[in-house]
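K.L.:
What follows is a predicted structure for the sequence shown.
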Amino acid sequence: MSSSRRQYPFHLIEPKWQQTWEQQQAFRAFNPGEEIPANHPFAVRHKLSGKVAATQLPEKFYILDMFPYPSGAGLHVGHPEGYTATDILARYRRACGFNVLHPMGWDSFGLPAEQYAVKTGQHPRVTTEANIANFTRQIKSLGFSYDWSRELATTDVEYFTWTQWIFLKLYNSWFNPETNKAEPIETLNFPAALETMEEFREIDPVKGDEFHFIKPQSLEEKQRLYRNSKRLAYVSEAPVNWCPELGTVLANEEVIDGKSEVGGFQVVRKPMRQWMLRITAYSEKLLADLDAIDWSDSLKQMQRNWIGRSEGAEVKFKVFGTGGYDFKIFTTRPDTLFGATYAVLSPEHWLVDHIASPEQEKAVQDYKALAAGKSDLERTELAKEKSGVFTGAYAINPVNGEKIPIWIADYVLASYGTGAIMAVPAHDERDLEFAKKFNLPILQVVQPPDAKTDWQGFTDDGTAINSGFLNGLPTPEAKRKITAWLEEKGHGKKTINYKLRDWLFSRQRYWGEPFPIIWKKDAAGNLYHEALPESSLPLLPPSLEDYKPTADGQPPLARAKDWLNLPDGSVRETNTMPQWAGSCWYYLRYTDAKNAQSFVGKDADNYWMASNGKAAGVDLYVGGTEHAVLHLLYARFWHKVLFDLGFVATPEPFYKLVNQGLILGEDGQKMSKSRGNVVNPDDVLVEYGADAFRLYEMFMGPLQDTKPWNTKGVEGVYRFLGRVWRLFVDEKSETAFEQAETISTSKDELLDLILLDGGITDIAATPAQLKVLHACIKKVTEDLDGMRFNTAISAMMVFINEAMTWQTKPLSVMKTFLQLLAPFAPHLAEELWARLHATFGQTAPSLAYAPWPKFDAALLVESEIEIPVQVNGKFRDTIKVAVDADNAALEAAAKASEKVQTFIAGKTIKKIIVVPRRMVNLIVG
RNA sequence: GCGCGCGUGGUGGAAUGGCAGACACGCCAGACUUAGGAUCUGGUGCCGCAAGGCGUGAAGGUUCAAGUCCUUUCGUGCGCACCA
């Protein structure tokens, strides 16, 4: 390293304190009932020791980072941004007297380690452990106050045992619409009709259509099928997003513009047997409970959009002619039913094959084939032009008995609503475009409020016309009336639809949690699934030589024949769970990380998640926006199931959530290897130290904003820390220290050469000094509460700039300042704190647990203040007045100002606005 | 297209409706120095010698007073995107 002279010996200070904290287990959080050593700083601060009940513990504060995937590339500067923010707040809350839970762990299942295994044959666990070791080293070098005793990795057997256990809970539960919550599957009553039912119709959870017609042989089989159709974890054979390149299926959320989110590979639709989780049962709760939590509006909006609730009606249309078929459509505009001039089924709709007329049969089949061959991308992005074909069949509009043609078109999605629509071209843009292209009739049924507005393509609310008994009604009323009419006549009903679809939960991978599921054959030879008992957990993955999928496309687990085939002839499930599984509940495990009896103990959950009266557990959760709809929705879903089943105490997992912004490269571009603008924290640490790094990450700008990295900026805060150092230490001793450093190697003794600045004395502070200090306490405290780290740091800079001019530095003031600095630059603060106490023969209490200073408002009161004077609203001068000057005095002082005089001379004062303590404005004319 | 956010010096960014630009970077000048990529001091929105004028993407509006509130508009970022 050929760098400039160090501002201060952070290279000695930082390892020293990191070691001290580790030895003391300084940041270990204690659970209710846990033995607290009497000499632990937490015990000392709160005068506790031994086993302490929840009620005797201080109020909890649970502050959580989104745990990282330990990639081979190591930490980049984006990771520590959120971690620094949470660490500052954790330290602040600890000082404020809270019992702070601040854990860290690893989201360690995942594709890269597996891909590496496919290439090299090295077990993913080996790669994963090496990466975790590197991440741990990097994170620890930043001096974060994590409770490492609670560290976990989703790949730990002790952890994924319970991930599998939760899966069993999902599998063995159903959502009871009566009680509006998840319940054990045993509470599901079999309908009486089941016994006599000859044909079992399985409901496609995605399309809402019946797609499986099974003729069960026995009542037992009927009951099994019935239960399986209700479980929260179930098997579906719906089309899935298959990514050949990755050799696995992906959830809808993991597919972006027809490409995989990871790697950007082509994704195709393919029907496969898959495990699904019934997240749609929770659509309403997931939506409604957003109101109870403190997340940013934009994030809530993203989740709302994703859930996509829309109110409308389902209307049953009979197919004209033979067969007695009917189909349901969903519409949000039932009031326009009179304007429906045709109907459209999605090409995949089950009815299509049954109703196509002989003349149209070929065209229909060709179109279906065409649509099936298109990727999602082609169906949407390239759909500038609508396409479709007439089926040759007609439907009867229930409202007026009109015969309308039934078309199929891929602008109608199979996966939304009922996969079928009524087309009202007059008042729907898509229908209009389609109708124009295929010359279908367009009938106005809504009159726009403004007569000048063209009714064609008018989609807003208006007044119903050409609509029989609805005529003259405003849209909302027309909706109500037609819905009531439909219900009365049995033609339809009010319906709420959600865009949210069930969660595709299986992956064809090796490096994930195996499903605790086996497949059996019944007497008739039908394959059925069965859960393993809880007592058999954990189910470990087999060891493999080769991690590729099998030649016939089976997941890698199918290679392990010994593992796969059980003595009784049953076969194990070969899919594994997606990476999201582990991250769905890790925040719960942190509260009771070592519990071998349960995924989390009741006492621990009650204390850490529910004891401060808030509706939801984690007090602050910080992470990137990339998880806005994936992890955060899935975790909320699991949490709600666990809540319904009585395993956790709160309905929501994360009370307050903040997204940190992206850190861009110095060139203002997103950091990436290919651009060569990646900043490695290790390099920054060598040059400037952890404290400067932490400080800079926070000083760059508001946490939530996207902002570019700037090495010069690091130097700025580094210089600030240097000034703090020089404010405290004696310059001569530092010179001696530097000379000694060139010849000596013993680090601790070296630091002892540093002496305090002679100006620091144990004397009373002057009022001016107190004012500077307390202004700083106030600003830093308020900014920490508001998570405005950048302005808090600037307040400390102001303090230092001021204090640099002091001849004498009162000990008390200097100590208090160090307390303010401690959350931001803990190593430097601890070192100076210790030195300060030692020099004055005092024992230093742990800075991490020293009570946070309170500012005294009385000290900030000025006797005289400067206030601005305006003439005609323009600033002209400031006047110095007594703080309690009344309006008359302010007015007089304002008029007396020389500068003001020049602007009012020869003019009449028409009006004077005086805001006491704020300003004076003279209106002249 | 729809929804949300953001537009302030050369740069990152500050500003309960009340002195725009805190703090920092950069730059300029000076001091101390053999030296400075250390440190310290001063300066630094723009125009102007100055007095003063002009300034928060643009245009209107509300107000004694607007970066801040309202309307329109442009730009930009993010999310969603044939969701009936």
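P.N.:
Perfect, thanks for sending it.
K.L.:
number of nearby residues for the residue lying closest to A:Ala340 once chain neighbours are set aside?
P.N.:
Distances taken as CB to CB, 6 or more residues apart in numbering put A:Met422 closest to A:Ala340, at 3.9 Å, once the chain neighbours are dropped. Where C-beta positions appear, they are placed from N, C-alpha and C, glycine not excepted. If you count neighbours by other CB atoms under 10 Å, A:Met422 ends up with 26.
K.L.:
Residues of the stretch 401-550 of chain A that sit close to RNA strand B?
P.N.:
Residues of the stretch 401-550 of chain A found near RNA strand B (CB under 7 Å from any atom of the strand) are A:Asp410, A:Tyr411, A:Val412, A:Leu413, A:Tyr416, A:Gly417, A:Gly419, A:Ile421, A:Asp428, A:Arg430, A:Asn497, A:Lys499.
K.L.:
what's the farthest-apart pair in these?
P.N.:
Across those, the longest distance by CB to CB is 19.4 Å; it joins A:Asp410 and A:Asn497.
K.L.:
So which of the two has more stuff around it?
P.N.:
Set A:Asp410 next to A:Asn497 and count neighbours by other CB under 10 Å: A:Asp410 wins out with 23 against 20.
K.L.:
you'd agree the more buried one is up against A:Ala371?
P.N.:
Yes. Assessed by CB atoms under 8 Å, A:Asp410 is found in contact with A:Ala371 at 4.5 Å.
K.L.:
thinking again about what came up before, beta-bridge partners for the residue nearest to A:Ala340, please?
P.N.:
As for beta bridges, A:Met422 partners with A:Ala343 under DSSP bridges.
K.L.:
nearest spatial neighbour of A:Val714, skipping sequence neighbours?
P.N.:
Excluding its sequence neighbours, the residue lying closest to A:Val714 (CB to CB, 6+ apart) is A:Tyr696, at 4.5 Å.
K.L.:
right, I mislabeled it, should have said A:Leu413
P.N.:
Closest to A:Leu413 by CB to CB, 6+ apart is A:Ser346, at 6.0 Å.
K.L.:
re the thing from before, relative to A:Ile777, how far out is the residue nearest to A:Val714?
P.N.:
Note on A:Tyr696: its distance to A:Ile777, by CB to CB, to the nearest Å, is 23 Å.
K.L.:
What is the burial count for A:Ile495?
P.N.:
You called it Ile, but residue A:495 is Thr. Neighbours of A:Thr495 using other CB under 10 Å come to 19.
K.L.:
should've said A:Glu487
P.N.:
Number of residues near A:Glu487 (other CB under 10 Å) recorded here: 13.
K.L.:
Run through the residues that contact A:Trp242.
P.N.:
By CB atoms under 8 Å, 6 or more residues apart in numbering, the residues touching A:Trp242 are A:Thr248, A:Val249, A:Val267, A:Val268, A:Arg269, A:Lys270, A:Met272.
K.L.:
for A:Tyr234, that is, sorry about that
P.N.:
Per CB under 8 Å, 6+ apart, neighbours of A:Tyr234: A:Pro205, A:Asn228, A:Trp275, A:Met276, A:Arg278.
K.L.:
Same check on A:Lys386?
P.N.:
So A:Lys386 contacts A:Ala409, A:Tyr411, A:Arg430, A:Glu433, A:Phe434, A:Lys437 (CB under 8 Å, 6+ apart).
K.L.:
Report pLDDT for the fourth one.
P.N.:
Pointing back at A:Glu433 there. Listed pLDDT for A:Glu433 reads 91.
K.L.:
Doesn't it belong to a helix?
P.N.:
Yes. Judged by DSSP: H, G, I helix; E, B strand; the rest coil, A:Glu433 forms part of a helix.
K.L.:
Check the burial of it by counting its neighbours.
P.N.:
For A:Glu433, using other CB under 10 Å, the count is 16.
K.L.:
any idea whether the closest residue in space to it that isn't next to it in sequence is helix, strand or coil?
P.N.:
Spatial nearest neighbour of A:Glu433, excluding adjacent residues (CB to CB, 6+ apart): A:Lys386 at 5.4 Å. Classification of A:Lys386 using three-state DSSP returns coil.
K.L.:
give me phi/psi at A:Lys386?
P.N.:
Torsion angles at A:Lys386 (phi, psi; degrees, to the nearest 10) stand at phi -70, psi 150.
K.L.:
for A:Pro112, same thing?
P.N.:
According to degrees, to the nearest 10, A:Pro112 has phi -50, psi -40.
K.L.:
Per-residue pLDDT of it, please?
P.N.:
With respect to pLDDT, A:Pro112 scores 87.
K.L.:
and it, what does it touch?
P.N.:
For A:Pro112, the contact set (CB under 8 Å, 6+ apart) comprises A:Ser71, A:Gly72.
K.L.:
separation between it and A:Ile663?
P.N.:
According to CB to CB, A:Pro112 and A:Ile663 sit 22 Å apart.
K.L.:
Around A:Asp730, how many other residues sit close by?
P.N.:
When neighbours are defined as other CB under 10 Å, A:Asp730 has 17 of them.
K.L.:
How about the backbone phi and psi for the closest residue to it other than its chain neighbours?
P.N.:
Take A:Asp730 and drop its neighbours on the chain: the residue closest to it by CB to CB, 6+ apart is A:Leu755, 4.3 Å away. Per-residue torsions, A:Leu755: phi -110, psi 160 (degrees, to the nearest 10).
K.L.:
residues making contact with the one helix or strand A:Ser283 maps to?
P.N.:
In this assignment (DSSP states H and E), A:Ser283 forms part of helix A:283-288. Identification of contacts with helix A:283-288 by CB under 8 Å, 6+ apart yields A:180, A:279, A:303-304, A:307, A:309, A:496, A:498, A:500, A:633, A:636-637, A:640, A:651.
K.L.:
try stretch A:735-752
P.N.:
By CB under 8 Å, 6+ apart, the surrounding residues in contact with stretch A:735-752 are A:Pro9, A:Leu12, A:Ile13, A:Lys16, A:Leu753, A:Ile754, A:Glu831.
K.L.:
how about the fourth one, secondary structure?
P.N.:
Using three-state DSSP, the three-state assignment for A:Lys16 comes out as helix.
K.L.:
count of residues packed around it?
P.N.:
18.
K.L.:
So it versus RNA strand B, what's the distance?
P.N.:
23 Å (CB to the nearest atom of the strand, to the nearest Å).
K.L.:
got it, and the third one?
P.N.:
A:Ile13 is 17 Å from RNA strand B, where distance means CB to the nearest atom of the strand.
K.L.:
check contacts around that residue.
P.N.:
A:Gly689, A:Leu751, A:His827, A:Leu828, A:Glu830, A:Glu831.
K.L.:
Look up the pLDDT of the closest residue to the last one other than its chain neighbours for me, please.
P.N.:
With CB to CB, 6+ apart as the criterion, A:Glu831 has its nearest non-adjacent residue at 4.6 Å, and that residue is A:Ile13. Note on A:Ile13: pLDDT of 94.
K.L.:
List the buried residues in the strand or helix carrying A:Ile13.
P.N.:
Under the criterion DSSP H and E, the helix or strand holding A:Ile13 is helix A:10-24. For helix A:10-24, a neighbour-count test (16 or more other CB atoms under 10 Å) marks A:Phe10, A:Leu12, A:Ile13, A:Glu14, A:Lys16, A:Trp17, A:Gln18, A:Trp21 as buried.
K.L.:
ok, now which ones touch the fourth one?
P.N.:
If a contact means CB under 8 Å, 6+ apart, then A:Glu14 has A:Ser141, A:Gly143, A:Gly689, A:Ala690, A:Asp691, A:His827 as its contacts.
K.L.:
For the helix or strand encompassing the last one, what does the pLDDT average out to?
P.N.:
Meaning A:His827. Secondary structure assigned from DSSP H and E places A:His827 in helix A:826-839. For helix A:826-839, mean pLDDT rounds to 96.
K.L.:
And for stretch A:408-417?
P.N.:
Mean predicted lDDT for stretch A:408-417 stands at 89.
K.L.:
ok so, going back, any residues touching the helix holding A:His827, and which ones?
P.N.:
Residues contacting helix A:826-839 (CB under 8 Å, 6+ apart): A:8, A:10, A:13-14, A:16-18, A:20, A:91, A:143, A:145, A:689-691, A:721, A:724-725, A:728-729, A:751, A:754-756, A:760, A:811, A:814-815, A:818-819, A:821-822, A:843-844, A:847-848.
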